[in-house]
Structures are given as C-alpha cells and as structure tokens.
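Q: okay, sequence plus prediction incoming.
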Amino acid sequence: MSDKLVMAVNAGSSSLKYKLYRLEGLEVVCGGLVDRIGHEDGIFKLTYNGETTKEVLPIMDHHKGVELILNALTSKGIVKDKNDIVAIGHRVVQGGKYFSKSALFDADTEKKIADLTPLDPLHAPAHLMGFHAFKEAVPEAVAVAVFDTAYHQTMEEEDYLFPIPYELSEKYDCRRYGAHGTSHRYLAEKAIAAYLGGHKGTRIITCHLGSGSSLAAIRTPLGGVMMGTRSGDLDPSVSYYLSEQMGLSSAEVYDLLNKKSGFLGVSGLSNDTRDVEEGYFKGDRRCITASNLFARRVADYIGQYFVRLGGVDLIVFSAGIGENSPFYRKLVLDRVKEALGIVIDEKKNEKAFGGKEELISAPDSPVKVAVIPTDEEKMIASDAVKAYEGKL
C-alpha cells in the first residue's frame, strides 16, 4: 500500500461520511459513515475489501466520530499510521460569493465559512465541526475546503439575481448560488470525455436527482425542483399565505417547506421515492400526483435550459433517483421527448441502475441521454491531492 493517503469527508450535523484513497491514482481504499452523532446509539460503519462492519455505541460529538474512524483504520491495518493521511478534503455546501474554486482550509477560509452561516445554517456549523475534529486528530494533514457552489460561480448576473430590490441583493448577498456543484462538475467532465469526444463548448444538462435534487445547464447552472422533503421553487406569496392561515412564524414556515414538503408532503407517504414509486403502481392517487409533479418540474427545467443553451447535445441523469430509477427517468423524458426529438432505448433504460453507467438514448436520437453515477468524493479527494502538491 502507498504510504500516502488522502481522505474525502462530508460532515453533517449528526453524521460524518468518509472515503479513503491512495494518493497515487486515487484508488479507493475504504469508506464508511459515522451516524447519529450526539446520541447514545450512534452508528459507526466501515466498508473495506467488500465487507461492511457496523457498531452501535455512544458517539456524542464529531471528535469521537473521528477518533472511531482513525482507530479503526489503524487497528485493522488499513493504515500504518494516521499521519499517512497527508491531505483531507472537506465538502462545504455554501461558499457564497467568496470561492470560485476549492481553497486551503486556513483561518481566512474558516472565517468566511462561519460568516456564511446565515446563508447555510443547516450545514456551515457542521462543516466547521468536522474540520476542527480532523485538524486536531491529524494536524499535519493538508486540509482543503471543496465548495458545492464554486462550480456555479460562472453564472451571469441575470442568471443568479432574484428580481428583488437590487440593494438587497448587494447588501445581504441574497441570490442564487447553485447546488451540488461538485457532482455537476464531475458529471460534465465525465460526459464530455465519454460521450462527446472530449469536445468543449458542447451543451449539457446534468440532472442530479436524489433526496436533494438540482439541475445544471452547463454554463448556466441553477436549481429549484421539488426534493424528498423540500418544496423547491414557490411563488413567494405561498409563504405569507401559509403563515397567515396557519398562524406560523416565518421560521416555522421555513421548516415546513424544507422538512415536510416535496415528495413527503405531496404523497403523504414518504420522502423516499422508492416508496412513492411503489404507491404509484398500486394506484395511490397522491403518490401518482407526487411522481407526476416531480417529473413535470424536472422536465420544465430541462426545457428552460434547452432554450438557455440554444439546444442540447447531452442530458445526464445521476444521483440516487437519476442513477437507480428507470421509472422516474422515463416519467421525465416522456415529457420532453416530443419537443426535443429524444428517442430512448427502453431496454437500456430498464437495465441502467445500481451504479451502472449507460447511454440510454437510441442511435438515431438527436440528443444523447446517459446515466452516469456521480462521484463527488473522488472530486473532493482530487482537489485535496492538488492542495497537497501545491497545485490548487
């Protein structure tokens, strides 16, 4: 085994996802999850050599989670010494207007992430806790922040501005920032190399569809479709109306739209699209409505991006739904195929799931459609290597 290793980390408020790579060639060594941080029945998972081990034990904070990870790596002989980990890449959801690329996780970066907490109160504090936990445990490792929003910083002003008083956009940085940029970056690079002959300047629409969903028209990435528990784009009057009718505060309406809406709210059944898909085929009216609403929203964005790009060469489906649900892909494509002339190979679509990459459009389709499993961790690790080598 190479002596030098690099780790990709995604720290949430109650979880730590991690994946370890060899520095040379970015070969995956192992990965896992620390879940239910802050609870007596915390969960620690490690997958190595095709086998997954699971422990249930008290994990009261992120420092304990990192301790479990590093102890497991050394005790199982996966890592000779924790200091073999020379670089750690941390996923950071919100980089605001400050970051157009990944950055060394130094004092200035830390302060800016902390300052961005009002824009991302759900994630920013957790990212900082994860950073500090690893920094204390492996102080010599180069730390890098990899921002979900960085890839979207090339948006033009008319794409990222909301139609609100301009001075509010300037004063409070109230604008679109885009989502899942690390995934969209990976999918675009992979798609150009694999399906478009390596030619730059092509027009791609990437659909990252999962419990969190976003679409990107490469050159103009945006987001706003309904998700597992989130509403997506709404008429602003909805928030005011619900607040008045239900006697809720703005914070309570925000919670409603973020945690009780989307697939969960419309179906009344689940935020898991597999459950909703099952309900669809059982004839459950609300599951049918939720599925059709989701497909319509995604299709509408594809149409919008088609116009914005002046056409499209390739549409990519990825993430939990996009990679694993032939049903939802077909539901979306049925709504755009006539307008865009798309011809789908139904057999290939049905077989594309479980991490399989596949071109699911027919040879005579003027627009290619591909299923590409995303790999955000690899992009994070790659940027961590660049930071370690001084090339970031």
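A: In hand now; what should we look at?
Q: from here on, just use CA atoms for contacts and neighbour counts.
A: OK.
Q: low pLDDT regions in the stretch 201-350 of the chain?
A: Across the stretch 201-350 of the chain, the ranges flagged by pLDDT under 70 are 201, 219-246, 258.
Q: the helices in it, which residues?
A: Taking DSSP state H, counting those that start in this stretch as the test, the helices found in the stretch 201-350 of the chain are 237-246, 250-259, 262-267, 273-281, 285-309, 319-324, 326-333, 337-340, 346-351.
Q: for the third one, packing partners?
A: Right, helix 262-267. Helices and strands touching helix 262-267, by 3 or more Cα pairs under 8 Å, 6 or more residues apart in numbering; DSSP states H and E, are helix 273-281, helix 285-309.
Q: may I have that helix as PDB, with CA atoms only?
A: This file holds the C-alpha atoms of helix 262-267, laid out as PDB (Å, rounded to 0.1, in the frame of the first residue of the first chain):
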ATOM      1  CA  GLY A 262     -41.600  17.700  -1.500                       C
ATOM      2  CA  PHE A 263     -42.300  14.000  -2.100                       C
ATOM      3  CA  LEU A 264     -43.200  13.600   1.600                       C
ATOM      4  CA  GLY A 265     -45.700  16.400   1.700                       C
ATOM      5  CA  VAL A 266     -47.400  15.700  -1.600                       C
ATOM      6  CA  SER A 267     -47.600  11.900  -1.300                       C
END
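Q: which parts of the protein are strands?
A: 5-11, 15-22, 28-35, 39-48, 51-59, 85-92, 103-104, 142-147, 204-208, 214-217, 220-221, 314-318, 358-359, 368-371 (DSSP state E).
Q: circling back to that earlier point, so which of the helices and strands packed on helix 262-267 comes closest to residue 172?
A: Across those, residue 172 has its closest neighbour in helix 285-309 (26.9 Å, Cα to Cα).
Q: which residues does residue 17 contact?
A: For residue 17, the contact set (Cα atoms under 8 Å, 6 or more residues apart in numbering) comprises 9, 10, 11, 31, 32, 33, 34.
Q: what do you get for residue 311?
A: Residues near residue 311 by Cα under 8 Å, 6+ apart: residue 203.
Q: roughly how far apart are it and residue 293?
A: 24 Å (Cα to Cα, to the nearest Å).
Q: thought residue 270 was touching residue 263, still the case?
A: Yes: using Cα atoms under 8 Å, residue 263 is in contact with residue 270, at 6.6 Å.
Q: shared neighbours, the two?
A: Shared contacts of residue 263 and residue 270 (Cα under 8 Å, 6+ apart): residue 276.
Q: quick one, which of these two is more surrounded?
A: residue 263 (29 against 19; other Cα atoms under 10 Å).
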